[in-house]
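1. When you get a sec, could you give me coordinates for this:
(one chain, ligands or ions: 1)
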Amino acid sequence: MHLADFIRNVPDFPKKGIIFKDITTLLKHPEAFQATAQALFEQVRHLPITKVVGIESRGFIFGAVLAEKLRAGFVPIRKPNKLPAAVYSQSYTLEYGQDAIQMHQDAIQPGDYVLLHDDLLATGGTAKAACQLIEQAGGKVVLISFVIELVFLNGRKELTDYPVQSLITYS
Ligand code: AMP
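-> Numbering: from 1, shown residues only. All right, here's what the predicted structure looks like:
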């Protein structure tokens, strides 16, 4: 099964000049959804993961599937002011301006082996900020996994301290 065939390109979303990689066309297809989950799992099944951290919001989908398959816990990283209890915050630079993400302070403990998951690696700023949150809580980032990698944006240069894997790449 050629998973890239199930990704829809949406030009000029959410703003002009961006080609949005839409995974809803993959998610709605039973065999493509199952094959993606299994392929992501095969990349990590040998690792001693205790927590899977997913980044809001598309990182929650396969992140939760991976956590269940690995028999690990699942931790959401969210946009500011969404999580109800005490949080750690990390801001990061966007193409224009700044954004921030948050994680519950008690979500990760020292000694946790963490798989970080998101749907897509672009410039790497979001994943780097997520790693900083995980490490602030005392966790070790064992691997960062993505469904899609936009290789031409060179996001891996932000993540040189960590192993990175992706399923579908665009050069
Ligand atoms: P970055 O921090 O630049 O690596 O951006 C990664 C985050 O932005 C991920 O959570 C992606 O879901 C989202 N994102 C960035 N670019 C795209 C794109 N072209 N299509 C879909 N999502 C994107």
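2. drop to CA atoms for contacts and neighbour counts, all remaining ones
-> Noted.
3. What sits closest to the residue nearest in space to the middle of the chain if chain neighbours are left out?
-> Central residue of the chain (C-alpha atoms, centre = their mean): D118, 1.5 Å from the mean position. Once flanking residues are discounted, D118 sits nearest to G59: 3.9 Å by C-alpha to C-alpha, 6 or more residues apart in numbering.
4. And for that neighbour, the neighbour number?
-> By the measure other C-alpha atoms under 10 Å, the count of residues near G59 is 21.
5. any idea of the pLDDT on it?
-> As predicted, G59 sits at a pLDDT of 98.
6. repeat for P110
-> For P110, the model assigns a pLDDT of 98.
7. Tell me who's in contact with the closest residue to it other than its chain neighbours.
-> In this structure, P110 finds its nearest non-sequential neighbour in G138, 4.1 Å apart by C-alpha to C-alpha, 6+ apart. By C-alpha atoms under 8 Å, 6 or more residues apart in numbering, the contact set of G138 is I108, Q109, P110, G111, D112.
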